[in-house]
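Trainee: here is my input, please return the structure:
(one chain, ligands or ions: 1)
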Amino acid sequence: MEVKNYMLERFLKYVTFDTESSDDATTVPTTEGQFVFARYLEQELKNMGLADVVLDDKGYLYATLPANTDKEMPVVGFIAHLDTSPDMSGKDVKPRVVESYCGGDIALDANENIVLKVSDFPEVEAYKGHDLIVTDGHTLLGADDTAGVAEIVTAIAYLQAHPEIEHGKIRIAFNPDEEIGRGAHNFNVPLFGCDWAYTVDGSCEGELEFENFNAGSATFSIQGRNVHPGYAKGKMLNALRVATAIVEAIPAAESPECTCGYEGFYHLMGINGGVDHAEVSYIIRDHNREIFERRMAFMKEVLANMNDKFGEGVVSLELKEQYRNMREQVEPKMHIIELAKKAMEEAGVVPVIKPIRGGTDGAQLSFMGLPCPNLFAGGINFHSRYEFVSVQVMEKAVMTIVNIASGVKNL
Ligand SMILES: [Zn+2]
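Mentor: Presented below is the predicted three-dimensional model:
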């Protein structure tokens, strides 16, 4: 079986489904297009002869590749999301394959001068010699995460075509609404029934992620005292002045624009209001749990200081925890990382372990009892008309999945 042809054909078909999710919708899934794609995949998985193919009424699709051995082995899962980002249109995607890319700019739409320029995206030159799938410049490509879907289905087809590769029970799942942060909300972890799983939703070749931010939010509400400005001396309390004092009290150098890697931050999201009332909102992020908690506690200190300065009760604070670093769930089971590393190396991939500066569905699933690191899917420039993916990197992602499935017996 030629991995490339099977995978490419699937991928080019899958991206034609319009599966943008929508932040405004309250339905599950948030858009009907995701259901259409899920039904198509349901039929494909049935045609492939997979077992337990279940598409639930929320658009979550599950299936099983049964074990081909009697040996007792853990059940491993692979997950990708059906939706594409609402940040850029995913309707009428017209992918184009640039065979053996020889470097330089790539004209996406020559007539309208929409060009993927090396000066804007220098990383593209690392793909010289690869077959690149690009857009026509008017939509996103949707490799995030259609590449993950195509890679998982192809890996399963590969395992079916190679019965000599001994593997235990493999589960796969495709979920809607990841891009709007709801992908894990209705994920049926007990039905999935895996010891652990991997999301195939990362970017560059080799990416292996199992650390994300701990995340919280802080909203300061300020009650000022508005008085006619001509007669305000000694009477007015300007809520906006209090707001700026709060912002000044929080270290500006610990902000998203000044940090990277494992450095956490306070991100000023909004200052709203007027003289009478104002609100200052922050999100707080840190990989390190202890430092994260210190950051959250610091918000309470700022609150106390402001009320000392401007009067008791002038400022109130709402602190919320949003999500946690999955590392604490994965760390007791580091063999699931070692297995993925080894699988990548066998596929000719150098594992690149780096922290996610955000959250993932996998983090939420990890805390729902399903440890779930993230593997590369190959897409670059997600959520944009400049999105592209290398066919050769996708092939390596397929083989990484195959190697994980076959490596479980050695644990
Ligand atoms: Zn994604």
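Trainee: for the residue of the stretch 301-411 of the chain at minimum distance from the ion, pull up the helix or strand it's in.
Mentor: Using Cβ to the ion, Phe382 is the residue of the stretch 301-411 of the chain that sits closest to the ion, at 6.9 Å. From N, CA and C alone the C-beta is placed, and that goes for glycine too. Here Phe382 sits in a region with no helix or strand, counting by DSSP states H and E.
Trainee: residues near it, how many?
Mentor: Residues lying near Phe382 (other Cβ atoms under 10 Å) number 21.
Trainee: does stretch 74-81 reach the ion?
Mentor: No - with Cβ under 5 Å from the ion as the criterion, the ion is not reached by stretch 74-81; the gap is at least 5.6 Å.
Trainee: go through that stretch and flag the buried ones.
Mentor: Across stretch 74-81, burial judged by 16 or more other Cβ atoms under 10 Å covers Val75, Val76, Gly77, Phe78, Ile79, Ala80, His81.
Trainee: could you list the buried residues of the longest helix seen in the chain?
Mentor: Identified as the longest helix of the chain according to DSSP state H is helix 289-310. Applying a neighbour-count criterion of 16+ other Cβ under 10 Å, one finds Phe292, Arg295, Met296, Phe298, Met299, Val302, Leu303, Met306, Asn307, Phe310 buried in helix 289-310.
Trainee: now cross-check the residues you listed against the ion and list the overlap.
Mentor: With Cβ under 5 Å from the ion as the criterion, those include none near the ion.
Trainee: Val242: which of the buried residues of stretch 74-81 is nearest?
Mentor: His81 (42.2 Å; Cβ to Cβ).
Trainee: bridged to the closest one, which residues?
Mentor: Asn175 (DSSP bridges).
Trainee: spit out the contact partners of it.
Mentor: Counting by Cβ atoms under 8 Å, 6 or more residues apart in numbering, His81 touches 145, 148-149, 174-179, 183, 199, 201, 361.
Trainee: in strands, which of the residues you listed fall?
Mentor: If you go by DSSP state E, the contacts of His81 have Phe174, Asn175, Thr199, Asp201 in strands.
Trainee: tell me which of those is nearest to Val134?
Mentor: Nearest to Val134 among the ones in strands among the contacts of His81, counting by Cβ to Cβ, is Asp201 at 20.1 Å.
Trainee: Glu248: neighbour count?
Mentor: 9.
Trainee: same deal with Leu8?
Mentor: Using other Cβ under 10 Å, Leu8 is surrounded by 20 other residues.
Trainee: how much space separates it from Arg357?
Mentor: Using Cβ to Cβ, to the nearest Å, we find Leu8 at a distance of 31 Å from Arg357.
Trainee: repeat for Gly313
Mentor: If you go by Cβ to Cβ, the gap between Gly313 and Arg357 works out to 36 Å.
Trainee: ignoring the adjacent residues along the chain, who's closest to Ile284?
Mentor: Among residues not flanking Ile284 along the chain, Gly216 sits closest, at 4.6 Å (Cβ to Cβ, 6 or more residues apart in numbering).
Trainee: the helices in this protein, which residues?
Mentor: For the chain, helices defined by DSSP H occupy the ranges 3-14, 32-47, 143-161, 189-192, 239-249, 289-310, 327-330, 335-346, 361-367, 391-407.
Trainee: the last one to helix 3-14, inter-axis angle?
Mentor: Translated: helix 391-407. If you take axes from the mean of the first three to the mean of the last three Cα atoms, to 10 degrees, helix 391-407 sits at 110 degrees to helix 3-14.
Trainee: check the third one too.
Mentor: Inter-element angle recorded for helix 143-161 and helix 3-14: 130 degrees (by the same axes, to 10 degrees).
Trainee: list the buried residues of helix 143-161.
Mentor: Neighbour-count burial for helix 143-161 flags 143-159 (criterion: 16+ other Cβ under 10 Å).
Trainee: check the second one too.
Mentor: Within helix 32-47, the residues that qualify as buried by neighbour count (16+ other Cβ under 10 Å) are Gly33, Gln34, Phe35, Phe37, Ala38, Leu41, Glu42, Glu44, Leu45.
Trainee: now that helix, how far from the centre of its chain.
Mentor: Helix 32-47 sits 22 Å away from the centroid of its parent chain (Cα atoms, centre = their mean, to the nearest Å).
Trainee: which residues touch it?
Mentor: Defining contact as Cβ under 8 Å, 6+ apart, one finds that helix 32-47 is touched by 14, 17-21, 29, 53, 55, 59-61, 63, 82-83, 149, 153, 172, 174, 176-177.
Trainee: also the fifth one?
Mentor: Applying Cβ under 8 Å, 6+ apart, the contact partners of helix 239-249 are 220, 222-224, 268, 271, 273-280, 302, 305-306, 309-310, 314-315.
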